[in-house]
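Chemist: model this:
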Amino acid sequence: MFTARVAIHPTSDLPGTLLQCDFSGHRFLFGRVAEGTQRALLSRGSKLSRARQIFMTGQTSFIDQIGGLPGLLLSAADQGLKELGIYGDKNIAWAVASFRHAVFRDCIDITVRHATQDIVNDFMTVVPVELGGQEDIRMAPDDAKALDEYIASVISAMFPKTKKSGNNFDEIAYAAKRFSTDQLIRVPDARRGKGPSLSYIIQPHTVRGKFNAKKADELGVPRDSTRNSIIGGNSHTLPGGRVITTDMLVDPDQYLKRIIYLDIPTMRHFEDARKKNWLADVPTSAEHKMGMRTNIDSLDRLPGTRQEAAVCVIVHQLGPEVHPFSAEYVEFMKQFGPDCEHVIAHPDYIPDSISHTRSAQLNAALRLVSPGNFNQLYTAPAKSQIPEKYLPFTTPVAVAGRTQPTDSASLEPVEKQEFRAIPLVTGIEYKVKGSTVESTSSEFAQEALTNYAALANMQEELLTDIMVRAPDLAERIKLAQDKYFKRQERHVERRRKHARSTSDVSSSSSSESEIEGIAVSEDKKAFGNVSIIAVGTGSAVPAVFRNVIGTIVRLPFYEPPNYKRTYWKGTPFMSKSILLDCGESTVGNLARMFGPGPDGVDQKLREVKLAFISHMHGDHHFGLLSFVKARQEAFTRYRIRRLSEANLSNTPMDDNTLFLIAPQMAVSWLEEWEQLYPGLLDGVRFIDARFFLREPESPIYTPHFASVFSDLSQSLDIATIRVVKAVHCLDSYSGSIEFHNGFKLSYSGDTRPNENFVDIGKNTSLLIHEATMDDPLLADAISKRHSTVSEALGVARQMNARNLFLTHFSQRYPVSPRFFAASAGERLSGIRELREDRHGMFLLRNMSSLFKEDAENWNRSLKLTLAYDGMIIKMKDMHKQGAWTDVLRFVFKNLLTEPEEESDDLVVKEPQRVNLFRRKRGVVRRGIRMHGRSGRGIVLAWLI
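Modeler: Predicted structure coming up:
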């Protein structure tokens with residue numbers, strides 16, 4: 001018996017598809033491990049340590065195929081995985097080697113291979129099938145061999161089998177030293193989009209029949225080697241002359257039906273798929289040992305006894321141009337018979353439903369109490385529906401060994417159905433037991449048309465639950481929501497009046513104050529319109545409630561006086577944004593937050609003019625490649641739309657330049673992937689972060705960087721940028737940006753408390769600081785070179801910051817750090833305990849004399865916000881988070897639970913349907929309680 005389950009289906013925030021096959025607790029993954037995969041599996045309680053092999057389909061691509069692999073590998077290794085095989089096309093090993101600067105785990109055996117022939121393990125034979133292969137542009141044999149050997153040595157260095165790391169091990173320094181002579185690894189096959197696409201035949205091993213010991217006793221077969229001889233196929237004559245043959249004592253072997261995973265991106269690949277023999281006989285394990293291999297191009301098919309109903313499921317991963325219900329594709333599906341079920345993964349037939357359910361629950365709770373700070377997450381139904389005549393039957397049927405337990409009545413006899421087809425949706429499961437296949441496809445085929453709307457029901461269900469358990473709290477929520485929506489109506493009306501009042505005003509009458517710059521020049525009250533988008537707020541690896549770090553700061557700019565942008569619907573200013581670090585799934589999270597289209601995620605991508613990457617740990621930059629590519633595509637769509645609008649054709653186009661301040665290693669990594677994405681760096685203007693250090697001993701001040709910085713300053717009205725080395729890893733930086741109108745933004749990146757950072761951030765308007773650990777974990781913070789909550793508060797106090805945004809929380813805190821009951825001032829007093837670490841000592845040295853003087857005054861004036869994924873907050877509203885206290889307390893304690901993790905036992909368990917908002921007995925969820933600005937200051941308390 002084995003189970004095949006759709007673990008992931010493609011959505012706006014998770015472009016991959018993953019089929020999970022379980023054999024006695026051993027897991028094999030087929031499909032595309034795109035960004036967000038590890039988080040989606042984790043949110044469903046899936047144990048990554050069970051994985052044994054990963055089979056990548058299609059063509060090697062970072063954005064929709066392999067972008068989630070680094071996080072998955074790191075998480076699986078941390079869960080105790082010791083051995084893993086990864087298979088893909090010719091570029092798969094090169095792609096894994098491209099992560100060498102940031103991915104490192106020791107005591108693990110990672111094998112990465114080009115899948116060219118049958119792959120046999122203890123449970124199945126996997127036959128790779130290349131589709132659409134054209135004449136290869138081959139390297140010289142010696143060059144190809146040297147490249148393969150070097151890539152293999154790189155992967156061995158990334159995943160050494162012996163212990164190398166320790167408490168102070170710096171992966172970035174290790175990579176810089178180990179790969180110092182390597183500038184760029186040549187990609188073996190640069191024909192992305194034109195090369196072959198990889199598909200697979202999954203053929204489980206035949207299950208040998210069981211020996212009937214009871215019957216052997218009845219027949220008088222002696223209990224010795226005679227029985228083994230009979231099992232081996234020999235006959236035996238009993239003393240009475242009766243001949244005992246194998247078939248009398250051994251049940252027939254069970255041939256398990258195969259599964260096929262097709263990845264067909266274009267019609268060229270489909271034409272090749274039509275020529276393949278998908279029913280070719282797959283050699284047994286013994287035959288493989290003799291050198292036999294599957295010949296997919298031959299005309300020889302399975303023996304007649306096994307040919308009928310040989311395939312139970314086919315997954316069709318199709319590109320936009322390959323329509324699954326065109327005449328030629330329907331004929332292709334018919335050849336597999338009426339008992340084969342076709343699972344369609346085409347962009348038009350899959351609903352854009354929620355991928356990360358647990359995170360969406362938290363968003364629903366937060367939106368209840370603060371709808372202005374959390375958007376309704378985007379969902380959408382499938383654009384097209386599977387023709388009804390192909391949908392699975394809805395009565396309990398048992399045809400050709402298939403059972404489908406359902407409730408409603410069947411519409412037509414089984415014999416009239418040419419084949420069955422359903423949309424690929426997460427959760428579809430097939431249990432193959434010999435010749436019987438148990439399927440949940442009927443249920444999911446019906447739900448696929450509506451499950452995208454589950455998010456809207458989620459918030460309603462949550463509010464209903466609160467009304468039952470805490471009616472007073474529910475009433476307060478409703479009052480808060482009514483107040484918010486009335487405020488929104490007034491805001492819309494003001495915008496309409498503004499649009500009418502400005503429509504008759506000539507652009508030449510604009511006042512001098514309405515120049516391009518952050519809000520109104522020198523008007524510090526206008527700084528309140530600066531907003532922060534918390535795309536991801538976690539650290540290390542993606543987790544259930546928090547994705548890895550990514551923060552956008554939106555700066556409101558007035559329009560130039562002679563340029564009216566009517567498509568802004570009357571809003572008085574445009575926005576330009578700064579992206580601070582870019583972890584995995586940054587683009588996907590933005591798409592889920594703002595939805596598709598020119599006024600959705602495309603607008604947010606185009607607004608970003610500067611990206612700052614603090615260092616090269618994977619959680620801070622593995623989303624950069626997809627961000628750069630998605631931003632380019634957003635500008636392409638924008639320009640096409642603008643050119644098609646006659647009334648806007650004479651207005652200037654937005655500049656697509658993206659300024660990138662980062663370690664040199666970041667642009668080197670992008671350059672390596674530019675081999676597969678030609679033009680990836682078009683419009684990207686890079687400045688090495690060391691340029692802003694101004695260190696005499698290691699000057700990076702070049703005329704080129706100076707010219708780029710001059711253009712950056714003009715674009716964003718920047719006066720100065722100062723950068724210091726962070727106390728974290730090699731080439732890690734903290735920075736401060738000051739604008740001509742006096743606004744100052746400081747970003748810590750990952751660091752221990754840093755006196756140099758305090759110096760460049762004095763009197764900052766907005767400080768965004770990491771708070772990875774809570775105070776009890778000071779030793780861990782010191783060891784891993786991060787800051788605690790109190791240390792971040794101390795840095796803010798020493799800077800005299802008035803707005804503090806805490807983010808980058810450890811994933812050990814499911815929702816928020818477990819704060820002690822103490823005001824900000826009292827927590828700062830606790831810094832006296834930080835004597836063991838020199839990076840914390842300066843806080844004590846510089847601040848001990850201030851506690852009695854003005855700590856409480858600063859405590860009252862500080863606007864502190866704790867970041868949550870999906871939060872959108874303006875600086876002027878940063879003090880209002882305390883209003884969320886009671887609802888979050890109730891939700892965390894009663895309604896939100898972590899997913900039930902799979903058992904360590906190597907058994908396949910029955911799936912269970914669970915209530916999204918159940919309370920897990922015996923488990924207490926802890927969150928954060930915050931009181932707003934008052935004489936008591938900002939109070940952080942236990943939530944129990």
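
Chemist: tell me which element the closest residue in space to residue 543 that isn't next to it in sequence is part of?
Modeler: Spatially, and ignoring its direct neighbours in sequence, residue 543 is nearest to residue 811 (4.0 Å; CB to CB, 6 or more residues apart in numbering). Heads up, the C-betas are built off the backbone N, CA and C, glycines and all. Per DSSP states H and E: residue 811 is located in neither a helix nor a strand.

Chemist: tell me the contacts of residue 811?
Modeler: Counting by CB atoms under 8 Å, 6 or more residues apart in numbering, residue 811 makes contact with 538, 539, 540, 541, 543, 546.

Chemist: could you redo the last one with a cut-off of 10 Å?
Modeler: Counting by CB atoms under 10 Å, 6 or more residues apart in numbering, residue 811 touches 42, 75, 538-546, 548, 619, 772.

Chemist: now do residue 293
Modeler: 117, 118, 125, 127, 282, 283, 287.

Chemist: burial of the fourth one, as a residue count?
Modeler: For residue 127, the tally of surrounding residues (other CB atoms under 10 Å) stands at 25.

Chemist: How is the closest residue to residue 467 other than its chain neighbours assigned, secondary-structure-wise?
Modeler: Closest residue to residue 467 apart from its sequence neighbours, by CB to CB, 6+ apart: residue 474 at 4.0 Å. For residue 474, the secondary-structure state derived from DSSP: H, G, I helix; E, B strand; the rest coil is helix.

Chemist: how many neighbours does residue 461 have?
Modeler: Neighbours of residue 461 (other CB under 10 Å): 17.

Chemist: and if you look at the one 10 residues further on?
Modeler: Residue 471 sits with 10 neighbouring residues when counted by other CB under 10 Å.

Chemist: and it, what does it touch?
Modeler: No contacts exist for residue 471 under CB under 10 Å, 6+ apart.

Chemist: what do you get for the one 4 residues further on?
Modeler: By CB under 10 Å, 6+ apart, the contact set of residue 475 is 466, 467.

Chemist: Look up how far residue 375 lies from it.
Modeler: 25 Å (CB to CB, to the nearest Å).

Chemist: cool, and residue 389?
Modeler: Residue 389 is 39 Å from residue 375, by CB to CB.

Chemist: Comparing the two, which residue is more hemmed in?
Modeler: Neighbour count, other CB under 10 Å: between residue 389 and residue 375, residue 375 has more, with 17 against 13.

Chemist: so what's the more buried one scoring on pLDDT?
Modeler: On pLDDT, residue 375 comes in at 91.

Chemist: Could you check how far the nearest residue to residue 200 once chain neighbours are set aside is from residue 284?
Modeler: Leaving aside its chain neighbours, residue 200 sits nearest to residue 261 (4.8 Å; criterion: CB to CB, 6+ apart). Distance, residue 261 to residue 284, by CB to CB: 21 Å.

Chemist: Between those two, point out the one with more neighbours.
Modeler: residue 261 (27 against 15).

Chemist: three-state assignment of the more buried one?
Modeler: With three-state DSSP as the criterion, residue 261 reads strand.

Chemist: OK, contacts around it?
Modeler: Counted by CB under 10 Å, 6+ apart, residue 261 has contacts 4, 17, 19, 21, 30-31, 55, 57-58, 126, 129, 198-202, 313-317, 343, 345.

Chemist: which regions of the stretch 251-400 of the chain sit below the pLDDT cut-off?
Modeler: 298-309, 393-400 (pLDDT under 70).

Chemist: quick one: the residue lying closest to residue 784 once chain neighbours are set aside and residue 700, what's the gap?
Modeler: Setting aside the residues directly before and after it, residue 784 is nearest to residue 772 in space (CB to CB, 6+ apart), at 7.5 Å. Relative to residue 700, residue 772 is positioned 29 Å away (CB to CB).

Chemist: And stretch 608-623, end to end?
Modeler: 14 Å (CA to CA, to the nearest Å).

Chemist: what's the spacing between that stretch and its chain's center?
Modeler: Centre-to-centre, stretch 608-623 and its host chain are 15 Å apart (CA atoms, centre = their mean, to the nearest Å).

Chemist: average pLDDT across that stretch?
Modeler: pLDDT averaged over stretch 608-623 gives 96.

Chemist: Check stretch 236-249 too.
Modeler: 86.

Chemist: Give the buried residues for stretch 469-476.
Modeler: 470, 473, 474, 476 (16 or more other CB atoms under 10 Å).

Chemist: between those residues, which is closest to residue 530?
Modeler: Checking the buried residues of stretch 469-476 against residue 530 with CB to CB, the nearest one is residue 476 at 29.4 Å.

Chemist: pretty sure the closest one is touching residue 887, no?
Modeler: Yes: between residue 476 and residue 887 there is a contact at 8.1 Å, judged by CB atoms under 10 Å.

Chemist: who touches both of the two?
Modeler: Contacts common to residue 476 and residue 887, judged by CB under 10 Å, 6+ apart, are 369, 466, 470.

Chemist: of all those residues, which comes closest to residue 670?
Modeler: residue 369 (40.3 Å).

Chemist: hang on, isn't the closest one packed against residue 476?
Modeler: Yes: counting by CB under 10 Å, residue 369 does reach residue 476; the two are 8.7 Å apart.

Chemist: so residue 7, which of the three states?
Modeler: Secondary structure, three-state DSSP: residue 7 is strand.

Chemist: List the residues that contact it.
Modeler: 16-21, 27, 29-31, 37, 40-41, 44, 46, 426-429.

Chemist: any idea how far residue 33 is from it?
Modeler: 10 Å.

Chemist: can you list residues touching both of the two?
Modeler: By CB under 10 Å, 6+ apart, the residues touching both residue 7 and residue 33 are 16, 17, 18, 41.

Chemist: who wins for most neighbours among those?
Modeler: Neighbour-wise, the shared contacts of residue 7 and residue 33 (other CB under 10 Å) top out at residue 17, 29 neighbours.

Chemist: list the contacts for that one?
Modeler: Residue 17 neighbours (CB under 10 Å, 6+ apart): 6-10, 30-34, 37, 57-58, 64-65, 261, 263, 315, 317, 343, 345, 350, 424, 426.

Chemist: from what I can see residue 226 touches residue 239, true?
Modeler: No: counting by CB under 10 Å, residue 226 sits too far from residue 239 to count as a contact (11.8 Å).

Chemist: Neighbour count: those two, which is higher?
Modeler: A count of neighbours by other CB under 10 Å puts residue 226 above the other of residue 226 and residue 239, at 15 against 7.

Chemist: How about residue 372: what's its closest non-neighbour residue?
Modeler: residue 484 (5.6 Å).

Chemist: My error: substitute residue 82 in the last question.
Modeler: residue 108 (5.9 Å).

Chemist: For residue 336, grab the count of nearby residues.
Modeler: Neighbour number of residue 336 under other CB under 10 Å is 20.

Chemist: coming back round to it: test my guess that the residue nearest to residue 784 contacts residue 750.
Modeler: Yes: using CB under 10 Å, residue 772 makes contact with residue 750 at a distance of 7.5 Å.

Chemist: overlap in contacts of the two?
Modeler: 539, 784, 785, 786, 787, 808.

Chemist: Tell me the pLDDT of the last one.
Modeler: In other words, residue 808. pLDDT at residue 808 comes out at 95.

Chemist: Kindly report the same for the third one.
Modeler: The score at residue 785 is 93. That number is its pLDDT.

Chemist: how about it, what does it touch?
Modeler: Residue 785 neighbours (CB under 10 Å, 6+ apart): 168, 170, 726-729, 732, 750-752, 772, 837, 839.

Chemist: phi, psi of it?
Modeler: phi 60, psi 50 (degrees, to the nearest 10).
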